[in-house]
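Participant: structure for the following, please:
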Amino acid sequence: MPFDGIEQRAEVEVISRAIEILGPNGENWTQFEFSSEGRHCIIGALNQARRELNIRGDKSAKHIRHALTVIYPGPAIWSQPLTIVDFNDVEWRRFSEVALVLAYARSEAAGEKLSIMRFGGNAMYLRTV
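Facilitator: Coordinates of the predicted model:
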């Protein structure tokens, strides 16, 4: 993977560790609170990853916010983009959607070019260009 410096590497490390913290099937993912009994929302997992890796000042959340705008572009009538907390806490949110956003953000932080393939409804996957 190409890295353009220490900061970019830190962002990839933080997002990768956050994905590990949440678990491969979201067994440690939660909604409506940052962290509780070993479970975390996206922000809680990022914070935990930063503590474990002793990383400060990274821009991991920026990559996640950008991933949200690419994967879930809102209608023009919305005045604000979808926040990470709002995305995480939608009642019907599935962990597969969280995993997709985090995978996109991690790949973007690593400098990879990606495209989103959409198939009717909400079915989609990432493809390296």
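Participant: where do the strands sit along the protein?
Facilitator: Using DSSP state E, the strands of the chain run over 35-36, 39-40, 114-119, 123-128.
Participant: lowest average pLDDT across the ones you listed?
Facilitator: Among those, strand 123-128 carries the lowest mean pLDDT, a mean of 60.
Participant: residues touching the most centrally placed residue in the chain, list them.
Facilitator: Centroid check for the chain by Cα atoms, centre = their mean gives residue 102 as the closest residue, at 2.8 Å. Neighbouring residues of residue 102 by Cβ atoms under 8 Å, 6 or more residues apart in numbering: 15, 18, 19, 22, 42, 64, 67. C-beta coordinates here come from the backbone N, C-alpha and C atoms, glycine included.
Participant: can I get the CA coordinates of the lengthiest helix in the chain in CSV?
Facilitator: Determined from DSSP state H, the single longest helix within the chain is helix 6-22. Extracted in CSV, the C-alpha atoms of helix 6-22 (Å, rounded to 0.1, in the frame of the first residue of the first chain):
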residue,chain,number,x,y,z
ILE,A,6,3.4,9.3,8.9
GLU,A,7,0.0,10.9,9.3
GLN,A,8,-1.6,8.8,6.5
ARG,A,9,-0.1,5.6,8.1
ALA,A,10,-1.6,6.6,11.4
GLU,A,11,-5.0,7.0,9.9
VAL,A,12,-4.8,3.6,8.3
GLU,A,13,-3.6,2.1,11.6
VAL,A,14,-6.4,3.7,13.6
ILE,A,15,-9.2,2.8,11.2
SER,A,16,-7.8,-0.8,10.9
ARG,A,17,-7.7,-1.2,14.6
ALA,A,18,-11.2,0.3,15.0
ILE,A,19,-12.4,-2.4,12.5
GLU,A,20,-10.7,-5.1,14.6
ILE,A,21,-12.2,-3.7,17.8
LEU,A,22,-15.7,-3.8,16.4
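Participant: tell me which other helices or strands that helix touches.
Facilitator: With contacts defined as 3 or more Cβ pairs under 8 Å, 6 or more residues apart in numbering; DSSP states H and E, the packing partners of helix 6-22 are helix 42-53, helix 60-71, helix 95-109.
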